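# what follows is a protein structure lacking sequence information:
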Ligand SMILES: O=C(O)CCC(=O)C(=O)O
Ligand SMILES: [Fe+2]
């Protein structure tokens, strides 16, 4: 069998080519669960690089400067995720099981306390955030259309999914995760090799030595995630049981289905495992990536999408059979209860 290729979807002339693009998105979400968009109207690589520069400025400081911004509970909102176990006021800071440190930026209108590296570029950051969300809206509208969900009877918009992920409702659910994997020449030795537990199946024949994996195989919790990797490759996605390398394409944005959308569409749209391997370049160069994790409003019922593609009845994930339909808040609480170990919200 041929090795699957990574889906690339061209967003040029979006309005006129809407139906074609929508179909391609649906096919990619149904099959690969992962794709990248090119010629889109969202942030460019140059804009992402500016955000990575802000991250770099923050990360390169001594740990004492970063600790005051630490995230201290599994579900806490925003802030610094450390590479090593650290404490803030006697509480453990959430630290990364992967070989990376991270900073989670919340949507701009919530007044998150930000370190200077971000605060001094607040306006640029806010614009970037909004632009990212506009891209999310375009993708969700296209998906609603391709899933044949009836349009809004008042406005005619395909807003079934996007109206449940409105920018102005997103403060407590969405976050932008900026991540730095230090060059291996600078890495301290860590002994932690625990894996994320995730709901999606992992049928992979994964015989890669653990030491080469710098972000273990997992599916995201989100509805969808918008990802970007800078300069140093290494991201792989599991498609049809094969690990497929995700190319770095100038100005492309990666998109993937998360567990919430997988559950919500009863498995029609797939949250697939992905991981990061140490690329040879990582020896000398830090690797940066970012993820914008989109979640629905807390009271959104994750059931009953009026689409002919989606059977209305649960259950399909054995683990999560509860006998009743769940809101996002109930679903995520239930999910975290069942997960022996979970880091951050991604
Ligand atoms: O670093 C990457 O390229 C991927 C990161 C990722 O999958 C995540 O943060 O959920
Ligand atoms: Fe991920």
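Cool, the structure landed. This one's a predicted model, so the numbers in the text were calculated from it and none came from an experiment. Numbering: from 1, shown residues only. Ligands and ions are numbered 1, 2, ... in the order given.
# all helices of the stretch 1-150 of the chain, in order?
18-31, 45-59, 63-66, 116-119, 122-146 (DSSP state H, counting those that start in this stretch).
# any idea which of the ones you listed scores lowest on pLDDT?
Lowest mean pLDDT within the helices of the stretch 1-150 of the chain: helix 63-66, at a mean of 93.
# what residues are up against the closest residue to ligand 1 within the stretch 201-346 of the chain?
Nearest to ligand 1, among the residues of the stretch 201-346 of the chain, is residue 289, at 3.2 Å (C-beta to the nearest ligand atom). Where you see a C-beta, it was placed from the backbone N, CA and C, and this is true even at glycine. Residues near residue 289 by C-beta atoms under 8 Å, 6 or more residues apart in numbering: 179, 181, 227-230, 235, 276.
# which of the helices or strands spans it?
Mapping residue 289 onto the secondary structure by DSSP states H and E places it in strand 287-294.
# re the thing from before, now the helices of the stretch 1-150 of the chain as a markdown table including mean neighbour count?
A markdown table is the format used below for the helices of the stretch 1-150 of the chain (neighbours: other C-beta atoms under 10 Å):
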| stretch | mean neighbour count |
| --- | --- |
| helix 18-31 | 19 |
| helix 45-59 | 18 |
| helix 63-66 | 15 |
| helix 116-119 | 16 |
| helix 122-146 | 19 |
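# what is the neighbour count of the residue lying closest to residue 233 once chain neighbours are set aside?
Nearest residue to residue 233 in three dimensions, chain neighbours excluded: residue 279, at 4.9 Å (C-beta to C-beta, 6 or more residues apart in numbering). By other C-beta atoms under 10 Å, 19 other residues sit near residue 279.
# just the contacts of residue 289: which are in strands?
179, 181, 227-230, 235, 276 (DSSP state E).
# ok, and which of these reach ligand 1?
Counting by C-beta under 6 Å from any ligand atom, 179, 227, 229, 235, 276 from these sit close to ligand 1.
# any residues of the stretch 151-300 of the chain in contact with ligand 1? List them.
So the stretch 151-300 of the chain meets ligand 1 at 177, 179, 215, 220, 227, 229, 235, 274, 276, 289, 291 (C-beta under 6 Å from any ligand atom).
# now these as JSON lines including distance to residue 154?
Shown next, in JSON lines, are those (distance: C-beta to C-beta, whole Å):
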{"residue": "177", "distance to residue 154": "35"}
{"residue": "179", "distance to residue 154": "41"}
{"residue": "215", "distance to residue 154": "43"}
{"residue": "220", "distance to residue 154": "33"}
{"residue": "227", "distance to residue 154": "34"}
{"residue": "229", "distance to residue 154": "40"}
{"residue": "235", "distance to residue 154": "41"}
{"residue": "274", "distance to residue 154": "38"}
{"residue": "276", "distance to residue 154": "44"}
{"residue": "289", "distance to residue 154": "40"}
{"residue": "291", "distance to residue 154": "34"}
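# tell me how many other residues crowd residue 104.
By other C-beta under 10 Å, 24 other residues sit near residue 104.
# tabulate the helices of the stretch 1-150 of the chain (a markdown table), appending distance to ligand 1.
Listed next are these as a markdown table, based on distance: least, C-beta to the nearest ligand atom, whole Å:
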| stretch | distance to ligand 1 |
| --- | --- |
| helix 18-31 | 17 |
| helix 45-59 | 12 |
| helix 63-66 | 18 |
| helix 116-119 | 18 |
| helix 122-146 | 15 |
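# ok so, going back, ok now the strand holding residue 289, how far from the chain's centre?
Between the centre of strand 287-294 and the centre of its chain there are 6 Å (C-alpha atoms, centre = their mean, to the nearest Å).
# equivalent analysis for stretch 24-43, please.
Centre-to-centre, stretch 24-43 and its host chain are 14 Å apart (C-alpha atoms, centre = their mean).
# ditto for stretch 22-32
With C-alpha atoms, centre = their mean, you get 17 Å for stretch 22-32.
# and for that stretch, what's in contact with it?
With C-beta under 8 Å, 6+ apart as the test, stretch 22-32 has contacts from 4, 6-7, 9, 34-35, 139, 142-143, 145-147, 237, 239, 257, 261, 268-270, 272.
# swap the cut-off to 6 Å and go again
7, 9, 35, 142-143, 145-146, 239, 257, 269 (C-beta atoms under 6 Å, 6 or more residues apart in numbering).
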